[in-house]
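A.B. asks: would you be able to build a 3D model of this:
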Amino acid sequence: IFKNNQQLEVLDLEGNRLRELSDEIGSLEKLRELDLSSNKFISFNPEMFVKLTQLELLDIDDNEITELSKDIFKNLNRLTVLNVHNNKLKTINHKLFDGLNNLEILSLSKNRLSELSQENFQNLSKLTYLGIGGNNLSKLPTNVFDKLTNLETLSLSYNKIENLDNAIFHNLPKLHRIDL
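C.D. replies: Purely as a prediction, here's the structure:
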């Protein structure tokens with residue numbers, strides 16, 4: 001469908017009832033913004049975004065995504081915004097965000113996450129916003145945010161957190177706002 005649109009930089013497919021995408025999307029190598037939000041996606045081909053190396057914004061929120069392959073974002077090193085909120089993710093592979101060294105905004109709110117590991121965010125040193133509210137988190141590893149030294153806003157509200165370690169926010173010198 002987009003085979004002849006190789007100059008496309010912005011593709012907005014928001015608010016439809018799409019359940020799958022043609023692999024041709026992956027050939028749009030000049031794409032900077034891709035909005036697939038508010039559709040009916042459950043998953044994506046693990047190779048779907050591999051050639052989209054110019055992508056800066058990826059919006060896949062408000063779908064029915066239950067799983068993301070650990071390599072799905074592997075070549076998206078220019079990505080600065082990743083919205084995955086309001087899906088059905090229960091777990092996140094600890095390598096899912098590897099290579100997203102320029103990511104500044106990450107929203108995982110309103111999923112079904114019940115745990116995070118300290119490896120989940122270890123390579124996201126440029127992150128300024130992290131949204132993980134509205135999940136099923138009852139505890140957080142002490143070091144889970146340690147590498148997020150540029151984090152300014154952290155949204156943790158509407159979880160099931162029972163207590164927090166005294167040092168959990170210790171390495172967040174730029175933190176201005178916490179929603180708990």
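
A.B. asks: mind listing what Glu152 touches?
C.D. replies: Counting by C-beta atoms under 8 Å, 6 or more residues apart in numbering, Glu152 touches 128-129, 174-177. In short, each C-beta sits where N, CA and C put it, glycine included.

A.B. asks: from those residues, which single one is nearest Leu21?
C.D. replies: Set against Leu21, the nearest of those by C-beta to C-beta is Tyr129 (26.8 Å).

A.B. asks: now do the SS call for Ile25.
C.D. replies: Assigned with DSSP: H, G, I helix; E, B strand; the rest coil, Ile25 falls in the helix class.

A.B. asks: so which residue is dead centre in the chain?
C.D. replies: The residue lying closest to the centre of the chain (C-alpha atoms, centre = their mean) is Leu82, at 4.4 Å.

A.B. asks: and it, bridged to which residues?
C.D. replies: Taking DSSP bridges as the rule, Leu82 bridges to Leu58, Leu106.

A.B. asks: pretty sure it contacts Asp61?
C.D. replies: No. In this structure, Leu82 is not within contact of Asp61 by C-beta atoms under 8 Å, at 9.6 Å.

A.B. asks: tell me, what's touching those two both at once?
C.D. replies: With C-beta under 8 Å, 6+ apart as the test, Leu82 and Asp61 both reach Ser107.

A.B. asks: quick revisit: next, the contact list for the residue nearest to the centre of the chain, please.
C.D. replies: Per C-beta under 8 Å, 6+ apart, neighbours of Leu82: 58, 73, 100, 103, 105-107.

A.B. asks: just to revisit the earlier point, dump the contacts of Glu152 to JSON lines, plus secondary structure and neighbour count.
C.D. replies: Below are these laid out as JSON lines (DSSP: H, G, I helix; E, B strand; the rest coil; neighbours: other C-beta atoms under 10 Å):
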{"residue": "Thr128", "secondary structure": "coil", "neighbour count": "18"}
{"residue": "Tyr129", "secondary structure": "strand", "neighbour count": "17"}
{"residue": "Lys174", "secondary structure": "coil", "neighbour count": "11"}
{"residue": "Leu175", "secondary structure": "coil", "neighbour count": "17"}
{"residue": "His176", "secondary structure": "coil", "neighbour count": "10"}
{"residue": "Arg177", "secondary structure": "strand", "neighbour count": "10"}
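
A.B. asks: nearest to Ala167, of those residues?
C.D. replies: For those, the nearest to Ala167 is Leu175 (13.5 Å; C-beta to C-beta).

A.B. asks: how far away is that closest one from Asn16?
C.D. replies: 37 Å (C-beta to C-beta, to the nearest Å).

A.B. asks: ok, the contacts of Leu82 vs Ser37, which is closest?
C.D. replies: Leu58 (9.8 Å).

A.B. asks: need the pLDDT of the closest one.
C.D. replies: With respect to pLDDT, Leu58 scores 98.
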